[in-house]
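Participant: Kindly generate the corresponding structure for this input.
(chains A and B)
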Amino acid sequence: MDLIRLSPFDLALAAVLVVLLAGVTMWARMGVGRTLLIAAARTVIQLLLVGLVLQTLFDHAHLGWVTLMAVVMLAVAGYEVMARQQRRFAGMWGYGIGAVTMFVSSFAITVLALTTMVGPSPWWEPQYAIPLLGMLLGNTMTGIALGLDRLTQNVWRERRTIEGRLALGASWSEAVTTMRREAARSGLMPTINAMAAAGIVSLPGMMTGQILAGAPPVEAVKYQILIMFLIAAGTGFGAIGAVWFASSRLFDHRQRLRLDRLKPGRHT
Amino acid sequence: MQPLLEIRQLRTDRLGPVDLRLQPGELVQITGASGAGKSLLLRAIADLDPNTGEVRLDGQARDALTPPQWRRQVAYVPAETAWWGDRVDEHLPADWARDDAEAFLERLGLEHGALDWEVERLSSGEKQRLGLLRALATGPRVLLLDEPTANLDEENTRRFERLVRAWMAEREAAALWVTHDTQQRDRLGGRILTLSDGRPEGTSWT
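Facilitator: Now for the predicted structure:
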């Protein structure tokens, strides 16, 4: 099981390709040349930094450091969820709903997987804990952001329908039920699609990585299946929870639709 | 006599304070320039917008009822009704007898099969009449009608008025009716509340 190490020269050769691509886009006046180069530079810097951080973390394996890293990851993911909302909740709710549901679903599932399924010792062994949590957070983040965005947009657009139903004596939950269902579904769809297409259309990234690192394909596949299931559960429960939580926050104790709790939409 | 609907110091951030008492069987008209707060007043009474003050139905405080219970008894019919299903009858309570609904259809000048119509092909006048029908299905004691006949011709406006009057007489119900039409104002009669800038005008009662 040998990993072929990449030399700086190998990376530079790959970088030449990106520079070539940037040259072509500039020649064609596509207007993305600069953005492309900046993005490429960010990839190099961010990934090198993360590599260093992970190396340090592995060398000083301690529950406290692992927890700190996990909390930082969650904080960034929470911000990302908020930033992807066209109409988000005003005040701390805009950040809180995404961050809390993400915390509950992805942390709970990561801990469950580490303690019962993967079982490294100690259970928080950073080599397993951090990549697992990262993959879960990355996917739950997308699911929750999609679900919340769809919910607030639909409720905003269909406020007359919702108030019409309320006026006829429907409960808040009846009045918002179709929008809630649709929002939760849109949060879940990417994961369902990924599971359905796994291995046929694309080879999932983690499995590919393990195979490149020399793991037997069947072992890599087993890990990938485990991860897929964890991601499905984390994204699904996360999106459903966030949509439910957010929809209840759109109404007050007298079951009035409170769109004033949302910030005005961004015009992008 | 105990009023059917009693409103004291009703306020929202753009309305009030409003005090108002409706006796059983009473119809009060609301007028005022656009933006004077006529719809806001109806919405506040139906508890669709945050508001403060005291609202009682038959002596019972609004907060003692759940919001759905309250809104079934104090029915708000907006100027533009919202429809979410494909067919008209999806918007009626499932336990409502179809015969009752058919009887109302006739009194509103609508065809027999109107309950099976697709919402997409309803005219605005048909929507307004079916909007009233849908509100009556919950058996309200107070009707909050926001320019309910704006899209109706003369004949159907009369039908609409007669049906509301008949409902009020049968059920000892009351109504608040927002209207701009001066002829209608004379026909409906009763007290008139004029709002300006979210408040009843000093000499608003005529």
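
Participant: what packs against the lowest-mean-pLDDT helix or strand in chain A?
Facilitator: Within chain A, no helix or strand scores below helix A:205-212, which has a mean of 89 by mean pLDDT, DSSP states H and E. Other elements packing on helix A:205-212 under the criterion 3 or more C-beta pairs under 8 Å, 6 or more residues apart in numbering or on different chains; DSSP states H and E are helix A:217-249. For the C-beta atoms, the positions are set from N, CA and C on the backbone; glycine is no exception.

Participant: Pull the distance from stretch A:249-259 to the chain's centre.
Facilitator: Distance of stretch A:249-259 from the chain centroid (C-alpha atoms, centre = their mean, to the nearest Å) equals 28 Å.

Participant: what does stretch A:53-65 give?
Facilitator: 23 Å.

Participant: any idea of the angle the helix or strand that contains A:G187 forms with helix A:217-249?
Facilitator: Per DSSP states H and E: A:G187 is located in helix A:177-197. Going by axes from the mean of the first three to the mean of the last three C-alpha atoms, to 10 degrees, helix A:177-197 is angled at 170 degrees with respect to helix A:217-249.

Participant: What are the buried residues along helix A:177-197?
Facilitator: Using 16 or more other C-beta atoms under 10 Å in any protein chain shown as the test for burial, helix A:177-197 gives A:179-180, A:183-188, A:190-191, A:194.

Participant: Show me what that helix packs onto, helices and strands only.
Facilitator: Judged by 3+ C-beta pairs under 8 Å, 6+ apart, helix A:177-197 is in contact with helix A:126-157, helix A:217-249.

Participant: What residues of the helix ranked longest in chain B count as buried?
Facilitator: Identified as the longest helix of chain B according to DSSP state H is helix B:154-171. By 16+ other C-beta under 10 Å, the buried positions in helix B:154-171 come out as B:156-157, B:159-161, B:163-164, B:167-168.

Participant: What of stretch A:251-260?
Facilitator: For stretch A:251-260, burial by neighbour count (16+ other C-beta under 10 Å) applies to A:251, A:254-257.

Participant: Intersect the residues you listed with the contacts of chain B.
Facilitator: Of the residues in the buried residues of stretch A:251-260, proximity to chain B by C-beta under 8 Å from any C-beta of the partner chain holds for A:254-257.

Participant: how about the residues of the stretch 101-250 of chain A near chain B?
Facilitator: A:158, A:160-161, A:163-172, A:178.

Participant: Narrow these to those in helices?
Facilitator: Using DSSP H, those in helices are A:160-161, A:163-167, A:172, A:178.

Participant: Just the buried residues from the residues you listed, in ChimeraX please.
Facilitator: Restricted to buried positions by 16+ other C-beta under 10 Å, the ChimeraX selection for these reads:
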select /A:161,163,164,165,166,167,172
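
Participant: related to what we said a few turns ago, give me the sheet partners of the next helix or strand after the longest helix of chain B and which way each runs.
Facilitator: From helix B:154-171 onward toward the C-terminus, using DSSP H and E, the following helix or strand is strand B:174-178. The pairing partners recorded for strand B:174-178 under DSSP bridges are strand B:27-31 (parallel), strand B:142-146 (parallel).
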